[in-house]
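Peer 1: model the structure of this input:
(one chain, ligands or ions: 1)
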Amino acid sequence: MGGSPGICRSVGRVPGNCSTPGAVVEPGVPGTVAGNSVVCVGASVVVVPGVVAAGGVVGAIFSTSAASFARHTSSSLRRSASRTPPERSAAPSSRFFAASASPAAISRSASCSCDVVSICATVELRPIANVPRHPLRLASFGPRALLPAAVTARWWRTDKARALFGGAAAHAYYRLDRPATSAVGMMIVAAGHRYGWPVAEGGSQSITGALAALLTDRGGKITTGVHVRDWNELPPADVVLLDVAPSAALGILGARLPDRVARAYRRFKHAPAAFKVDFAIQGGVPWADPECGRAGTVHLGGSFAEIAAAERDVAAGRMPGRPFVLLGQQYLADRSRSNGDLHPLYAYAHVPHGYTGDATEAITAQIERFAPGFRDRIVATVSSGPARLAASNPNYVGGDIIGGANTETQVVLRPRIALDPYSTGIPGTYLCSASTPPGAGAHGMCGYNAAQSALRYLRKGGGDVQ
Ligand SMILES: Cc1cc2nc3c(=O)[nH]c(=O)nc-3n(C[C@H](O)[C@H](O)[C@H](O)COP(=O)(O)OP(=O)(O)OC[C@H]3O[C@@H](n4cnc5c(N)ncnc54)[C@H](O)[C@@H]3O)c2cc1C
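Peer 2: The predicted structure is shown next:
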């Protein structure tokens, strides 16, 4: 962290084709963070005088999954870029690569989507009850975003481009023939194409470290190793921010929750699950297409039709023979993650919610399909199925790593239909996890938006929520 509290150096810009695993705010140790008179349940919290921000606002600086970061922190990103050592600036620039698509193939997407980035920054990542700052641009983005990805995919001329878009849209974790799945694909493609994906030096833990350093530097206190289950475990505070799933909020807030909110939290739907495998690889991945050896993130799914079929199966609770797999090889930008020629690699497959089988072989086979000889390079693997993921982070209910299904309603109105979706209905108590708008991702905007709600409450006079 360069010895500077709150600063986590961004290293290079690997052209992750659609995602930002290197910039993810890793799930930290369950804990309660108390600073000033703010209590935050869950990690990724920043408390600074005059500003309360939870859910990884600082982490957001290092994640460009939304252009908001560029807007809020463009100077930080520029500074990071200018610090990039020469050998890293020789690393791949912010172009797109995928197992089944060439950069040229997506050029058509760029023209329509880069505009979209600024829309996402100011509008899409806020609850929809806000007045749009760019109504005309939003009016042009909205109808396209509302289309099923399967329809939008037809705009692209080549199968490779369609496959690339399919991989991006599959981040919705939903059937690609359902409305609004284009929104996720367009945002991810546009942001990646425009900005690329920063990678945190030393691994994503350094982002958590930067957040913690910033908090403690301002006098905040972090308590870890505590699984908060009941309201009475929390100290008195002016505001409480819960970085938890709605089901956990139900447990913690209990009878304090207004009935209508409790009913909505009970109805909240979770998404399919992830099955993750961490690999140690000797000599890197022997990609058949060398372009894939330059991408931070590679989607493995074959054609658009194949990806759509796999997502349909998963949504229906069936394990596909060839699941959609996302692979992260951030060591390409940050060599400090490797030990000589031994490199860390992670991959996860979309699997049915609560899947109890072992998807290790299915994931390995998908990688081998696009990188013959991969198996021979595996030195070690650690597999984490839905149960293990949920045990590591109570927010991953049934292995759902996106904090709730992106159904037509929940994709924008989560966790419930309300003018202030962060409010739990209890004065001064807010939900700030990925189960709130704008949903999953290392963008930190759920926390930022919840913090705005909390600030409004405090400005009106607040009061002790206990
Ligand atoms: C393998 C994987 C890859 C991912 N890849 C990407 C990616 O490439 N790009 C991207 O943008 N996003 C990615 N994500 C998603 C992203 O990490 C999440 O959407 C984001 O971290 C959610 O933030 P959050 O604040 O809601 O919850 P979390 O980051 O999960 O933080 C919540 C914290 O609160 C703690 N907690 C929960 N309940 C309690 C309790 N009752 N008491 C105390 N503590 C509690 C949890 O242990 C956790 O530390 C990925 C996620 C995973 C798992």
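
Peer 1: tell me, how many residues neighbour the closest residue to residue 315 other than its chain neighbours?
Peer 2: Leaving aside its sequence neighbours, residue 315 sits nearest to residue 175 (Cβ to Cβ, 6 or more residues apart in numbering; 4.9 Å). Placement of C-beta: from N, CA and C, glycine included. Neighbouring residues of residue 175 were enumerated by other Cβ atoms under 10 Å; the total is 21.

Peer 1: quick one: pLDDT of the closest residue to residue 180 other than its chain neighbours?
Peer 2: Among residues not flanking residue 180 along the chain, residue 411 sits closest, at 4.9 Å (Cβ to Cβ, 6+ apart). Predicted confidence (pLDDT) for residue 411: 84.

Peer 1: surely residue 411 touches residue 182?
Peer 2: No: shown here, residue 411 and residue 182 do not form a contact pair, counting by Cβ atoms under 8 Å, at 10.8 Å.

Peer 1: of the two, who's got more company?
Peer 2: Using other Cβ under 10 Å as the criterion, residue 411 and residue 182 rank with residue 182 on top: 26 against 23.

Peer 1: I'd like the next helix or strand past the helix or strand harbouring the more buried one.
Peer 2: Per DSSP states H and E: residue 182 is located in helix 181-195. Moving toward the C-terminus from helix 181-195, the first helix or strand encountered (DSSP H and E) is strand 197-200.

Peer 1: give the pairing partners of that next one; include direction for each.
Peer 2: Strand pairing for strand 197-200, using DSSP bridges, gives strand 10-14 (antiparallel).

Peer 1: my read: residue 364 touches residue 281, true?
Peer 2: No: contact criterion Cβ under 8 Å: residue 364 and residue 281 do not qualify, at 11.4 Å.

Peer 1: who has more neighbours, these two?
Peer 2: Neighbour totals were compared for residue 364 and residue 281, and residue 281 leads with 23 against 18 (other Cβ under 10 Å).

Peer 1: got the contact list for the more buried one?
Peer 2: Going by Cβ atoms under 8 Å, 6 or more residues apart in numbering, residue 281 touches 342-345, 374, 377-379.

Peer 1: so what's it bridging to?
Peer 2: Taking DSSP bridges as the rule, residue 281 bridges to residue 343, residue 378.

Peer 1: for the ligand, see how far away it is.
Peer 2: Distance, residue 281 to the ligand, using Cβ to the nearest ligand atom, to the nearest Å: 17 Å.

Peer 1: do the same with residue 196
Peer 2: Distance from residue 196 to the ligand, by Cβ to the nearest ligand atom: 13 Å.

Peer 1: again, but for residue 461
Peer 2: Relative to the ligand, residue 461 is positioned 28 Å away (Cβ to the nearest ligand atom).

Peer 1: name the element that residue belongs to?
Peer 2: Going by DSSP H and E, residue 461 is not in any helix or strand.

Peer 1: check it and give its pLDDT.
Peer 2: pLDDT at residue 461 comes out at 83.

Peer 1: and if you look at the one 3 residues further on?
Peer 2: According to the prediction, residue 464 has pLDDT 61.

Peer 1: same thing with residue 103?
Peer 2: 30.

Peer 1: backbone phi and psi for the residue nearest to residue 180, please?
Peer 2: Main-chain dihedrals, residue 411, degrees, to the nearest 10: phi -60, psi -30.

Peer 1: that one: what's it in contact with?
Peer 2: Applying Cβ under 8 Å, 6+ apart, the residues contacting residue 411 are 172, 174, 180, 183-184, 439.

Peer 1: in this structure the residue nearest to residue 315 contacts residue 310, no?
Peer 2: No: with contact defined as Cβ under 8 Å, residue 175 does not count as touching residue 310 (10.4 Å).
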